Structures are given as structure tokens and as C-alpha cells.
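*Asks:* model this:
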Amino acid sequence: MGKKSILASFLFILLFISVGCSDDSVQPESRLNDYVKLWNKQDFEEMYTDYLSASTKESYKNEDFIDRYEKVYSDLGITDLKVETAFEGEQDREDKEQVTLPIKAKMNSIAGEIEFDKDVELKKETRDEEENWYINWDTTFILPDLQKDEKIGIKSTKAQRGEIFDRNGKGLAINGTAQQVGIVPEQFDDTKKAEVAKILDNTTEYIDKQLNQSWVEPSLFVPIQKIAKDDKERIEQLNAIDGVQFSETAVREYPYKESAAHLTGYVGTITAEELEKHKDKGYSASSVIGKRGLEELLEEQLRGKDGYTIYIDREEPAVIAETEPEDGQSVTLMVDADLQKTAYTNMKGVAGTFSAVQPETGDVLALVSSPSFDPNDFILGMSAENYKKLEENAKQPLLNRFAATFSPGSSIKPLIAMIGLNAGTLDPNKTIDISGLKWSKGEEWGNASITRVTDPKRPVDLEAALQYSDNIYFAQTALAIGEDKLISGLKDLGVGEEKFPLEYPIRASQISNDGKLTSSKLLADTGYGQGEVLMSLVHLASLYGGIVQDGTLMKPRLFETTEAAVWKESITSSDNAALLKKDMRKVVTDGTATAAKSDQFALAGKTGTAELKKSQDEKGQENGLFVAYDQNNPNAVMSILVENVQDEGGGKAVQKMVLQTFEKWEAEGRN
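*Replies:* Numbering: from 1, shown residues only. Coordinates of the predicted model:
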């Protein structure tokens, strides 16, 4: 062999020895680091397959390991998992078959933080002719001191949900009680099942389902359904049936029922979709959550936090983590619950909405949507059949009308007059002389015309135009103001702003569909509240409040904690406001609102009829409106809208609803 061959062979052998002897074998520290990374990612499958020792796998099957980790972490609401090794660097462990290395584990749970230190045993094993380090795992890796056959217990202590009160401390949504109806099987005659089902507006199949649960025993009380504690008729009927018993149970209660349902909303058991949406916020599958109205809007504030104890279930339980319950925060509204109820009652189930605002403070005294539903029915158990009836009701009792916007009709006329007075385009003493009931700009409008209800047979000034609600006068007033000034004037009143400034989401009022009044016909129609202008009733009441306050428009407020504040500093002069107040009084004494005339009150305001139709020739739905306040005691502006007023007694019926509300509120001691 030549020298070069010998040298090459020698170098090859050296290289082989060098590679073979280099310390490329995985060290236990490195293996544990990799295992910890998988643990933090909760990759339990790979943790089990590639990292656990043979002896561990003999004791714990794949599904035992993976399923238990996943169930425990899910049930305990584990978040922010952080596992770290507690050593520095690596040392050569080639001569050892087993080593122990420290780790630290930290995580959040429904019962607070769980933190523990753990010494991890790793042993050297040969698999597929390769040596590596594997972990001797047991259940103390899940929770400290947890043994293989032990169970983890979770005990909850319910937090009290915050309550909702009116301005006088009266409960709108409170933590009350109901009667739990139940059956004791050994005392119950099965032939009475259909009778019980009928009384409860339920089915015999449902009762059977409750009675056939696995835990049921003949002598035990089996809950069937909750009913209101004041449901005396049904309680008496059920009491007469042997084996039917009652138990008082805690429930959310809504004392003002239908009258405040759309305002308060209600609570219910959380759905899977809601649980996913609110994950990592401490909810569980049995949690209650706000479903509509203020219950939903104020969920974070009202809900509170349940207390939890996580423990290992032993003769003497070992507590792992524990938190005390935190009750939710209660809320006080500026609403007057009795006024709310009175207004709702006086609407007698017609489709419509009512709002009341205190001009001096902006306090929203009432937000009513009619017809409505009883939120207590959802708490006690709304049947699918009854819910379907609500959904299919032509008057849409599930629709929240006070949050919506409507065509204001002639109730906008004092506001148009105010804009004209502010702009200097309207002289209140100047008359216009139009004969007949119709007026048009001819071909410019495609021969479309504007109609007024009354021809006074004389020239009309502002006072008469408001008194008789003259559409033609206000159409011409809008044209005289012009597009730019009318849009600017409406924006000064908050119409056309992106958001209505109330703590409850009310749809913003609009000037037109595109915010412009380019067409002279649309401009004219806007002057008497038709066109495309839309307003909420609470916005309308607030604006009249600005006139009552001589031009100072207060920001509407719903919550006691919100400071009273000016929304618009000066929407008109005190002289203009005084003129409009005088004219609006005339509307009630001698104009279109004489049905609201009363010896008890000096009501002033404006009526309105908004006709909803697709073309000028057709007869459309009519909504009746009335906005009013008492000039002798102007502590509330009330606004009402009734849909299909042509079927509900006309505009006079709407005026009487407001008058009756003032009368009842006065009798109860208005605030």
C-alpha cells in the first residue's frame, strides 16, 4: 500500500472515531426543554408518543394521558399556561441511566392561579437501536399531589348579579325568587300528568323526561318547571294535585314585566356560540348571560364573578386553588319606572313607541316599546310554541321600537321653523296666501303636489301654520331656507350625526338616505317631516326639550353615573324659543291637538302624521305622533308614535294617550 493510501485510510479512521466519539447524543436537559415546549403548546399526543418512558406507558394508556389532560384543562378553565425548566445549561450525563431535573409550572384557572415546582425524572432507554432520555410521568404533573385514581373536584359559589334600579330605587331587574314546581313520584297519580302539563302550558312528554332521569327515586322531589311566585291561580290549581309540591328558588325577576322588557332585556343560559365568543372570560356551560337590552349591554358590569374552589377529592379535600365570589355592580337609571309602566299601559297594546325626557337635565325618564313580552317568561321557561307565537305576531312584540327611527311627520315643523328663524329666512309675522288644499311647482316636480289638511281661507303666518299643521307653509319654508342652510340647521340639532349620544344604542337620526337634499321636492317634503328624514322618538323629545330650555339642548342621559351635560350650547335664541312655545300652546288650545286640552295641564306641543307609501297615488300606512310638555311644570317632554293610526282611533287617540299619561303621572307624584 502506498504512503498516500495509508495516509488517507488513517485520516478516514480518525474522522470516523471523531464522529463516533463526538457528543452528539441528546442530553436530558435538551429533552426536557423540548418536552416543556410541547407542554406549553398542549400537544399532548406528541408528549405521550415521543417522550414518556416505557414504564409510564405501561401504567397510563394513550387515551388516559391525553383525555385526562384535555378534560382537566377544559374543566378548570386553564389559560396562560407557562411551564419552564429550572436549571441552567447542560452537563454530560453519558455515564448515568437516570437523572432528576426541576421545572416550574404556572397557569390561570377559574379558581385563580395554580403554581407548583416539580422534579422530573428522566431515564435513558434504547428504542429502535437508539438511546434517548424519556420521562417518568405521573398524575402529579397535572396538579401537585394528584394521585392516579383520585378525582378533581370543583365547587362554585355563585356571585350575585348586579341589579337595575330606576331613579327612585325601584327594581327593574332584581335578584328575586320564583316557585319551583316539582313532583314526588311515589305520591303522584300518573293519570294527573296531562292536567299538570296543561296548567304549566307544557307537555306530558317533557314531564316524563324529567321523571325518568337516572337520579330520580320515588321519594325525591323532581323539579318540573318554575312559575312566578305571584301566579296565584296556577299555584292554587297545582296545590290541589297530590304529589305536586313547591320549592322557592332564586331567579332573575323583572317586576315591571312587559312595560320595561325592551329596556331591561333578560338573562338566559349561555349558548355554545356565546361561550365561544366570550371564551377566556370565566364563563362555563352553565353560566347565565344577558340576552337583550341592558342585561346584554351591561353584561360585564352586572355579571359578577363566581367563586370557585378546585380540590382533590379525598376524605380531607386538598385545596389546589380558591377564589371568593365578586358580586356584580348594580346600576341606577334616570328612568321613572312608574311613568314607564303608565305610558305602556296607556298605549293598550298598539304598535308604537313612547319616550320622555327631562329638559333641564337631559334625563331619559321613559323608553317604551309596544307591544312587548314578559321577560319573566324567558326566566321561568319559554316554550317553543309560545316563542313562535311572539315571532309570528303581526305587531312584532319582539321588535324594540324605541331604538329605531321613524319619519317624524308634522312633529318636525317646530324644528323647521326654528331653523328658519335662526337663518333669518322666516319672518313669523309674514303670511303666505295659498288657496286650496294642494300646491305644486308643476313640471319641475313631475306634477307631484303637496297637500294640506285644512284651507283656512286666509293668509297663513307661523302661528296659524303650526296651529293647523299646514304642510304647504312648511314646504315653502324649507325651500326658502335652502338645501345648505337646512342641512346645516338639522346637523346643529344632531340630525345626520354618526351616533346619537345616549348610553343605550339608539339608531342615529338621518337627514336623507344620502345626507343631501338636492331635489327641490325632497327639500320641500323634508320641511313637513316626510321626505327621507328619520328620527328616534327620544331624539325628538330631547329637541323639544331644547326649546323648553330656551335654546340649551342637554345631552340625553340614561345612567345616574353619567354627569348632566350640554349637548348643543345654543340651538336657538330665547326669543325664538319663547315664540315657538307660545305657538305650540296654541296647537293644543285651538289647533290639531285639542284632544289633549285639559284644565289640569297647560300642555303645548305638536301633532304629526307620517304616511308611509311607495307612490303618491296609493294609500299608505299612517303613523300618528304627538310631542308635548306642560308649560306650567315643564319637567318632562313626552313623545309618542303609534303605527297604523288609521286603524287605532286616529290622531286624537294618540293625543289622549299622552294626556292620560300626564294625568296618571301627576296623580302618582311626578318627579
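*Asks:* where does the chain dip in pLDDT?
*Replies:* In the prediction, the chain carries residues with pLDDT under 70 at positions 1-24, 90-94, 613-619, 671.
*Asks:* hmm, 80 instead?
*Replies:* Scanning the chain for pLDDT under 80 picks out 1-25, 89-95, 280, 282, 284, 613-620, 648-650, 670-671.
*Asks:* in it, which residue is closest to the centre?
*Replies:* Taking C-alpha atoms, centre = their mean as the criterion, E296 is the residue nearest the geometric centre of the chain, at 2.9 Å.
*Asks:* So E463 is in contact with K586, correct?
*Replies:* Yes - judged on C-beta atoms under 8 Å, E463 makes contact with K586 at a distance of 6.1 Å. All C-beta spots, glycine's among them, are computed from the backbone N, C-alpha and C.
*Asks:* before we move on, the earlier item: quick check, the residue nearest to the centre of the chain in contact with T264.
*Replies:* No - checked against C-beta under 8 Å, the pair E296 and T264 is beyond contact range at 10.0 Å.
*Asks:* list the residues that contact both of these two?
*Replies:* Common neighbours of E296 and T264 are not found (criterion: C-beta atoms under 8 Å, 6 or more residues apart in numbering).
*Asks:* Show me which residues of the strand of greatest length in the chain are buried.
*Replies:* Longest strand in the chain, counting residues (DSSP state E): strand 112-127. Under the neighbour-count criterion of 16 or more other C-beta atoms under 10 Å, strand 112-127 has 112, 114, 120-124 buried.
*Asks:* on that earlier part again, in terms of neighbours, single out the busier of E463 and K586.
*Replies:* E463 (19 against 16; other C-beta atoms under 10 Å).
*Asks:* Excluding chain neighbours, what is closest to the more buried one?
*Replies:* For E463, ignoring the flanking residues on the chain, the nearest one in space by C-beta to C-beta, 6 or more residues apart in numbering is D583 at 4.8 Å.
*Asks:* tally of neighbours for that neighbour?
*Replies:* 23.
*Asks:* Provide the secondary structure category for it.
*Replies:* When classified by DSSP: H, G, I helix; E, B strand; the rest coil, D583 comes out as helix.
*Asks:* would you say K652 is within a helix?
*Replies:* Yes - counting by three-state DSSP, K652 falls inside a helix.
*Asks:* my guess is it meets A595, correct?
*Replies:* Yes - counting by C-beta under 8 Å, K652 touches A595, with 3.9 Å between them.
*Asks:* follow-up on the earlier one: got the contact list for the residue nearest to E463?
*Replies:* Residues in contact with D583, defined by C-beta under 8 Å, 6+ apart, are 414, 417, 462-463, 466-467.
*Asks:* Now name the helix or strand holding K155.
*Replies:* Secondary structure from DSSP states H and E places K155 in strand 152-157.
*Asks:* Which neighbouring elements make contact with the helix or strand just after that strand?
*Replies:* Using DSSP H and E, the helix or strand that follows strand 152-157 towards the C-terminus is strand 164-165. Helices and strands touching strand 164-165, by 3 or more C-beta pairs under 8 Å, 6 or more residues apart in numbering; DSSP states H and E, are strand 171-183, strand 331-332.
*Asks:* what's in contact with the next helix or strand after the first one?
*Replies:* Beyond strand 171-183 in the direction of the C-terminus, DSSP H and E gives the next helix or strand as helix 193-199. Among residues not part of helix 193-199, those counted as contacts by C-beta under 8 Å, 6+ apart are 183, 202-204, 206-208, 224, 234, 237-238, 241, 244.
*Asks:* which of those residues tops the neighbour count?
*Replies:* I183 (25 neighbours).
*Asks:* Does that one touch G243 like I think?
*Replies:* Yes - contact criterion C-beta under 8 Å: I183 and G243 qualify, at 5.6 Å.
*Asks:* what residues are shared contacts of those two?
*Replies:* Shared contacts of I183 and G243 (C-beta under 8 Å, 6+ apart): none.
*Asks:* Skipping adjacent residues, who's closest to D138 in space?
*Replies:* Nearest residue to D138, sequence neighbours excluded (C-beta to C-beta, 6+ apart): K148, at 6.9 Å.
*Asks:* Tell me the bridge partners for A250.
*Replies:* For A250, the beta-bridge partners are T177 (DSSP bridges).
*Asks:* Now S410. Nearest residue, chain neighbours left out?
*Replies:* With C-beta to C-beta, 6+ apart as the criterion, S410 has its nearest non-adjacent residue at 4.0 Å, and that residue is G608.
*Asks:* What is the neighbour count of that neighbour?
*Replies:* Counted with other C-beta under 10 Å, residues neighbouring G608 total 27.
*Asks:* neighbour count winner among K652 and A595?
*Replies:* More crowded of K652 and A595, by other C-beta under 10 Å: A595, with 20 against 17.
*Asks:* what's the more buried one in contact with, if anything?
*Replies:* A595 neighbours (C-beta under 8 Å, 6+ apart): 651-653, 655-656, 659.
*Asks:* Just the buried residues of the residues you listed.
*Replies:* 651-653, 655, 659.
*Asks:* Which member of those is positioned nearest S435?
*Replies:* Taking C-beta to C-beta as the measure, G651 is the one of the buried ones among the contacts of A595 closest to S435, at 25.1 Å.
*Asks:* Look at the closest residue to the closest one other than its chain neighbours and tell me its secondary structure.
*Replies:* Distances taken as C-beta to C-beta, 6+ apart place G624 nearest to G651, at 4.7 Å, with adjacent residues excluded. Counting by three-state DSSP, the backbone at G624 sits in strand.
*Asks:* Near G624, how many residues? Count them for me, please.
*Replies:* G624: 28 neighbours (other C-beta under 10 Å).
*Asks:* i'd like the first residue to be 4 from this point on
*Replies:* Sure, I'll start counting at 4 from here, so that last one is G627.
*Asks:* okay but it is in contact with S642, surely?
*Replies:* No - if you go by C-beta under 8 Å, G627 and S642 don't touch, sitting 11.7 Å apart.
*Asks:* Domains in this structure, by residue range?
*Replies:* According to automatic domain parsing, the chain comprises the domains 29-147, 167-334, 341-670.
*Asks:* ranking these by burial, who's on top?
*Replies:* Comparing the domains of the chain by mean neighbour count (mean count of other C-beta atoms under 10 Å), domain 341-670 comes out on top with a mean of 20.
*Asks:* quick one, phi/psi of the nearest residue to Q163 once chain neighbours are set aside?
*Replies:* Computed as C-beta to C-beta, 6+ apart, the closest residue to Q163 that is not its neighbour in sequence is D330, at 4.3 Å. Backbone torsions of D330, given as degrees, to the nearest 10, read phi -70, psi 150.
*Asks:* Next, the contact list for D330, please.
*Replies:* 162-165, 307.
*Asks:* again, 6 Å this time
*Replies:* The contact partners of D330, by C-beta atoms under 6 Å, 6 or more residues apart in numbering, come to 162-163, 307.
*Asks:* Which element, helix or strand, includes Q399?
*Replies:* Assigned by DSSP H and E, Q399 falls within no helix or strand.
*Asks:* With distance to G156 added, can I get the domains of the chain in CSV?
*Replies:* Shown next, in CSV, are the domains of the chain (distance: least, C-beta to C-beta, whole Å):
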stretch, distance to G156
domain 29-147, 10
domain 167-334, 4
domain 341-670, 29
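*Asks:* looking at those domains, which is closest to K158?
*Replies:* Checking these against K158 by C-beta to C-beta gives domain 167-334 as the closest, at 4.5 Å.
*Asks:* Report the separation between the two terminal residues of the closest one.
*Replies:* 5 Å (C-alpha to C-alpha, to the nearest Å).
*Asks:* starting at the chain centroid, how far to that domain?
*Replies:* 20 Å (C-alpha atoms, centre = their mean, to the nearest Å).
*Asks:* picking up where we left off before, quick one: which of the contacts of D586 is nearest to N178?
*Replies:* Lowest distance from N178 to the contacts of D586 (C-beta to C-beta) belongs to P417, with 44.5 Å.
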